[in-house]
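S.K.: Okay, structure incoming, though there's no sequence with it:
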């Protein structure tokens, strides 16, 4: 089915009095006003998260930090992925949080949210065009044998920088919805300590993405998501691709980012080998503008099965090679571009 890709430009409330999205579609900037009180569902069904991933394009590693509130519980996570050696991760949970983690209703306003646990510390602060991200796990054993990671970073998001925004609902339940912003290609500065070694990031060495999600979800879903941020031929370049849940007839979330601007794509299909997830993947687009091969390097996999609650995650980090075509027809050729793609099943 061809995606209509309805672009929303007017700032408006997300939901009407019945809890339905007023105008579904995608946008280049956040335009929907999110209000938990307008959601027609119990707090157990509301899912909120802020997720950051910072990738060092030169050295081949990614640091991820998550603060989420899934209603019945909150998942807090720190992970470090070494593209050559593997990954390490620390997770903590808080139960029956139901909106009390302090996650904000807006991704654009000055704000702060933090978590200090037994083994991980997370702090996400926005002030103007700067996002200050602190991610620490003092006892995390890294793939190279060093112990402890502490990242103190600044991510730059200039005022004129575009992002991918989408508001969509489920066909089977129009009161269930997904509001999401992806801010790719944020230039990163600061320091990262691994064990006893501290590194100051050089200019254009590391790039960050924010996955800001709010919604009222249905019980069981499988999603596909891919994301990359970095430099290609002296220009910032990235992409967001994904599908698998909600009705994407109004719009897809597939975009290319180039020099701070969004270039909209139609459908993108993930072709994942059924026999071995670490074999080469392929990505094909209905408009021919995103054709990529993906060579996996590390599968950051995790599984949890508590009966009524189950998750099976494969976030695979590796290298993209292929061509992306901008709105004006200009091709961007990438080779061994570090990024990730994932397939995730959730029942919660």
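M.R.: Nice, I can see it. All values derive from a computational prediction rather than experimental measurement. Numbers count the residues shown, from 1 in each chain.

S.K.: Okay, now the sheet partners of whatever helix or strand residue 294 lives in, with direction.
M.R.: Assigned by DSSP states H and E, residue 294 falls within strand 290-305. If you go by DSSP bridges, strand 290-305 pairs up with strand 281-285 (antiparallel), strand 310-325 (antiparallel).

S.K.: and those as JSON lines, adding mean neighbour count, distance to residue 67 and mean pLDDT?
M.R.: All C-beta spots, glycine's among them, are computed from the backbone N, C-alpha and C. Below are the strands paired with strand 290-305 laid out as JSON lines (neighbours: other CB atoms under 10 Å; distance: least, CB to CB, whole Å; pLDDT from 0 to 100):
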{"stretch": "strand 281-285", "mean neighbour count": "18", "distance to residue 67": "29", "mean pLDDT": "98"}
{"stretch": "strand 310-325", "mean neighbour count": "19", "distance to residue 67": "17", "mean pLDDT": "96"}
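
S.K.: For residue 125, find the nearest of the ones you listed.
M.R.: Taking CB to CB, strand 310-325 is the member of the strands paired with strand 290-305 nearest to residue 125, at 25.1 Å.

S.K.: on that earlier part again, put together JSON lines for the strands paired with strand 290-305, with distance to residue 28 on each row.
M.R.: Formatted as JSON lines, those follow (distance: least, CB to CB, whole Å):
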{"stretch": "strand 281-285", "distance to residue 28": "19"}
{"stretch": "strand 310-325", "distance to residue 28": "18"}
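
S.K.: and of those, who's closest to residue 243?
M.R.: In terms of CB to CB, the element of these nearest to residue 243 is strand 281-285, at 11.5 Å.

S.K.: and the strand holding residue 294, which residues are buried?
M.R.: 290, 292, 294, 296, 297, 298, 299, 300, 302 (16 or more other CB atoms under 10 Å).

S.K.: these two touch, right, the last one and residue 90?
M.R.: I take that to be residue 302. No. Using CB atoms under 8 Å, residue 302 makes no contact with residue 90, being 11.8 Å away.

S.K.: looking at the strands paired with strand 290-305, which is closest to residue 160?
M.R.: strand 310-325 (21.5 Å).

S.K.: if I look at residue 85, how far off is residue 4?
M.R.: Separation of residue 85 from residue 4 (CB to CB, to the nearest Å): 44 Å.

S.K.: Looks like residue 207 contacts residue 57 (just checking).
M.R.: Yes. Using CB under 8 Å, residue 207 is in contact with residue 57, at 6.4 Å.

S.K.: neighbour-wise, which of the two wins?
M.R.: Neighbour count, other CB atoms under 10 Å: between residue 207 and residue 57, residue 207 has more, with 25 against 19.

S.K.: Find me whatever residue is spatially closest to that one, sequence neighbours aside.
M.R.: In this structure, residue 207 finds its nearest non-sequential neighbour in residue 229, 3.9 Å apart by CB to CB, 6 or more residues apart in numbering.

S.K.: Direction included, what does the helix or strand hosting the one you found pair up with?
M.R.: Using DSSP H and E, residue 229 maps to strand 220-232. Partners of strand 220-232 in the sheet, by DSSP bridges, are strand 235-243 (antiparallel), strand 331-347 (antiparallel).

S.K.: Give me the buried positions along the longest one.
M.R.: When burial is assessed from 16+ other CB under 10 Å, strand 331-347 yields the following buried residues: 332, 334, 337, 338, 339, 340, 341, 342, 343, 344, 346.

S.K.: Also stretch 159-178?
M.R.: Buried residues in stretch 159-178, defined by neighbour count with 16+ other CB under 10 Å: 161-170, 175-178.

S.K.: what's the neighbour count on the closest residue to residue 254 other than its chain neighbours?
M.R.: If the residues on either side of it in the chain are set aside, residue 254 comes closest to residue 265, at 3.9 Å by CB to CB, 6+ apart. Residue 265 has 25 neighbours, counted by other CB under 10 Å.

S.K.: which residues touch residue 265?
M.R.: 241, 252, 254, 255, 256, 285, 287, 289, 290 (CB atoms under 8 Å, 6 or more residues apart in numbering).

S.K.: got those residues as CSV, with distance to residue 116 columns?
M.R.: What follows is those, written out as CSV (distance: CB to CB, whole Å):
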residue, distance to residue 116
241, 34
252, 38
254, 37
255, 35
256, 38
285, 43
287, 46
289, 44
290, 40
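
S.K.: out of the residues you listed, who's nearest residue 187?
M.R.: Nearest to residue 187 among the contacts of residue 265, with distances taken as CB to CB, is residue 256, at 17.7 Å.
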